[in-house]
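S.K.: Sequence and computational prediction follow.
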Amino acid sequence: MTEPTALAREARFADPDAAYRLLAEAHRDLDERESAALNARLVLILANQIGDLGVLREAVALARQAR
C-alpha cells in the first residue's frame, strides 16, 4: 500500500481563470436541480481521480471549514 499524500494547497492551474470559466460555463442554462446533479457527478468523478481516501478526507474537511 502506498503512503497517503497530502492535499495540494497551492494553485496548480497554469490559468486558474480559465478553469473557473470552464466550471461556470458547465452550469450555463441548467436549473438549480440540474446544477446540483452536475456538481454531484463532478465531485464523484474527481474523487475517483484523486483515488486516495486520506487526501479526499482532507479535501472534505477543508471544504467544510470554508462554510
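M.R.: Looks like it arrived, so ask away. Worth saying up front: this structure is predicted, and the values here are computed from it rather than measured.
S.K.: contacts and neighbour counts: CA atoms only from here.
M.R.: OK.
S.K.: can you tell me which helix in the protein is longest?
M.R.: helix 32-50 (DSSP state H).
S.K.: Quick check: what element follows that helix along the chain?
M.R.: Using DSSP states H and E, the helix or strand that follows helix 32-50 in sequence is helix 53-65.
S.K.: How many neighbouring residues does residue 32 have?
M.R.: Residue 32 sits with 10 neighbouring residues when counted by other C-alpha atoms under 10 Å.
S.K.: Same check on the one 3 residues further on?
M.R.: Per other C-alpha under 10 Å, the neighbour tally for residue 35 reads 15.
S.K.: rewinding a little: how far off helix 53-65 does the longest helix of the chain point, in degrees?
M.R.: On the basis of axes from the mean of the first three to the mean of the last three C-alpha atoms, to 10 degrees, helix 32-50 is oriented at 140 degrees to helix 53-65.
S.K.: From the contact counts, what lies against helix 32-50?
M.R.: Using 3 or more C-alpha pairs under 8 Å, 6 or more residues apart in numbering; DSSP states H and E as the contact test, no helix or strand touches helix 32-50.
S.K.: Would you indicate which residues of the lowest-mean-pLDDT helix or strand in the chain are buried?
M.R.: Each helix and strand of the chain was given a mean pLDDT (mean pLDDT, DSSP states H and E); the minimum falls on helix 53-65 at a mean of 95. Within helix 53-65, the residues scored as buried using 16 or more other C-alpha atoms under 10 Å are 55-56, 59.
S.K.: Mind listing residues that contact that helix?
M.R.: With C-alpha atoms under 8 Å, 6 or more residues apart in numbering as the test, helix 53-65 has contacts from 4-7, 47, 50.
S.K.: Repeat that for stretch 9-25.
M.R.: With contact meaning C-alpha under 8 Å, 6+ apart, stretch 9-25 is reached by no other residue.
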